[in-house]
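*Asks:* build me a structure from this.
(chains A and B)
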Amino acid sequence: MLRYQSTGELHKDFHIIFCNTLHYLQENFGEEAVREVLKNTAQNVYRTMYEKLCSGDASELLEYWDYYMKREDADYLIEKCDDEIRLTVNSCPLLRHFQKSGLKPDPVACKATAIFNDALCENSPFSAELEKTGEFSCCQILRKKVTP
Amino acid sequence: MIPSDHFVKFYNEVFKFLDSRNSGELEKYYSLVSRNQEFHCLELFRTKGLQGMYEYWEHIRIEENCDMELFLEPGCFHCKMAVCPSLSKITDNDGGAYPKYCDHCPGWILPLITKVGFFAVYNIIDRKKPACEFFIYEKQTDAQKKLAELQAVYSKDVIKYNF
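*Replies:* Okay, here's the model as predicted:
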């Protein structure tokens, strides 16, 4: 069950201030500040999703990806198999909004997603990987760690 | 990706982080937000004045799903938020609300209004309730009158102004 479900219109300009804020934190407080804020967001705001992942259950994350990618009108594919889940984003709504606003797509958003996914996987049986596959595309994978 | 719907929950975590650092860090960040908003508002406010402000917040009313009323009268633009979607999301949040979350709004709005030469009075009303209002005037004397009126009723801590 998804903890937060939003309805109504979208204010996509929030994507721009999100990226500007990440740059601000990086420039004024360093990389650790960016990691700390994103970690607190992943593990506290999304507590139910994080706790499920810690117990090996990725169901809420899958639901979150599907719900919000759909809401943001993304071109995406979610795949699930025994030992991994995969989100393929063919056209990222955040980066596309930069383009639509006449701005250069900001790769800090991709870095933030990688940090956010890593924080979600901390203390869980999953490890996260983000591969940029193009200017507006990426593949995000959560893979079950191999236990010896 | 943090969805645009959840940006405010991230924002709330940024405020907590900055508040845990040196005093004045939140105000510096609000200045960044204000400069960011210039991209969306400055030209509109400069060219159309109060009418431009009405148009901007009408766009926000729709996009951010706000329950708010906008009033445009000669010399005054008044925005009355009945249910703020932003604070509502912060109170429905496992991360917990930053107690002064509401302060970011006057924090970015007032410097922008100063920059375009108008006079603003912002009434947060109560930081625990998702309702607030602000008034923007062409004339400082009108803004001063509104300020005195609000200060007679509300705590000084919830009234912000730019003159």
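*Asks:* relative to B:Pro130, how far out is the residue most central in space within chain B?
*Replies:* The residue lying closest to the centre of chain B (C-alpha atoms, centre = their mean) is B:Cys105, at 2.7 Å. Applying C-beta to C-beta, to the nearest Å, the value for B:Cys105 to B:Pro130 is 11 Å. Every residue, glycine included, has its C-beta placed from N, CA and C.
*Asks:* just the helices in chain B please.
*Replies:* For chain B, the helices defined by DSSP state H cover B:7-19, B:25-48, B:50-63, B:85-91, B:104-115, B:140-151.
*Asks:* now the ones you listed in CSV, with mean pLDDT?
*Replies:* As requested, the helices of chain B are exported to CSV (pLDDT from 0 to 100):
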stretch, mean pLDDT
helix B:7-19, 98
helix B:25-48, 96
helix B:50-63, 97
helix B:85-91, 97
helix B:104-115, 98
helix B:140-151, 98
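*Asks:* redo these as JSON lines? Include distance to A:Tyr24.
*Replies:* What follows is the helices of chain B, written out as JSON lines (distance: least, C-beta to C-beta, whole Å):
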{"stretch": "helix B:7-19", "distance to A:Tyr24": "9"}
{"stretch": "helix B:25-48", "distance to A:Tyr24": "5"}
{"stretch": "helix B:50-63", "distance to A:Tyr24": "22"}
{"stretch": "helix B:85-91", "distance to A:Tyr24": "19"}
{"stretch": "helix B:104-115", "distance to A:Tyr24": "13"}
{"stretch": "helix B:140-151", "distance to A:Tyr24": "31"}
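*Asks:* quick check: closest non-adjacent residue to A:Phe14.
*Replies:* Nearest non-adjacent residue to A:Phe14, counting by C-beta to C-beta, 6 or more residues apart in numbering or on different chains: B:Phe7, 3.6 Å away.
*Asks:* touching, that neighbour and A:Phe18? I think so.
*Replies:* Yes. Using C-beta atoms under 8 Å, B:Phe7 is in contact with A:Phe18, at 5.5 Å.
*Asks:* next, give phi and psi for B:Lys100.
*Replies:* Backbone geometry at B:Lys100, expressed as degrees, to the nearest 10, gives phi -110, psi 30.
*Asks:* residues contacting it?
*Replies:* B:15, B:19, B:26, B:127 (C-beta atoms under 8 Å, 6 or more residues apart in numbering or on different chains).
*Asks:* type out the PyMOL command that picks the buried ones from the residues you listed.
*Replies:* If you want just the buried ones from these in PyMOL, going by 16 or more other C-beta atoms under 10 Å in any protein chain shown, the selection is:
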select buried, chain B and resi 15+26+127
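*Asks:* ok, so of the contacts of B:Lys100, who is nearest chain A?
*Replies:* Ranked by distance to chain A (C-beta to the nearest C-beta), the contacts of B:Lys100 are led by B:Phe15 at 9.9 Å.
*Asks:* tell me who's in contact with the closest one.
*Replies:* B:26, B:29, B:98, B:100-101, B:104.
*Asks:* after the longest helix along chain A comes which helix or strand?
*Replies:* Across chain A, the longest stretch assigned as helix under DSSP H is helix A:14-29. Later in the chain than helix A:14-29, the nearest helix or strand by DSSP states H and E is helix A:31-40.
*Asks:* please see if that following helix touches chain B.
*Replies:* Yes. Counting by C-beta under 8 Å from any C-beta of the partner chain, contacts between helix A:31-40 and chain B involve A:33, A:36-38, A:40.
*Asks:* ok, stretch A:141-148 next?
*Replies:* No. Stretch A:141-148 does not reach chain B (C-beta under 8 Å from any C-beta); its nearest approach is 14.6 Å.
*Asks:* show me what that stretch is in contact with.
*Replies:* Under C-beta under 8 Å, 6+ apart, the answer for stretch A:141-148 is A:53, A:56, A:58, A:61, A:82-87, A:117, A:121, A:125-131.
*Asks:* now it: buried residues?
*Replies:* Burial within stretch A:141-148, assessed by neighbour count using 16+ other C-beta under 10 Å, is assigned to A:141-144.
*Asks:* which one among the residues you listed gets closest to A:Leu10?
*Replies:* A:Leu142 (25.6 Å; C-beta to C-beta).
*Asks:* for that closest one, helix, strand, or coil?
*Replies:* strand (DSSP: H, G, I helix; E, B strand; the rest coil).
*Asks:* show me what contacts A:Asp75?
*Replies:* A:89-91.
*Asks:* and with 7 Å instead?
*Replies:* Contact analysis of A:Asp75 by C-beta atoms under 7 Å, 6 or more residues apart in numbering or on different chains lists A:90-91.
*Asks:* just B:Pro85 next, same as before
*Replies:* B:Pro85 neighbours (C-beta under 7 Å, 6+ apart): B:64-66.
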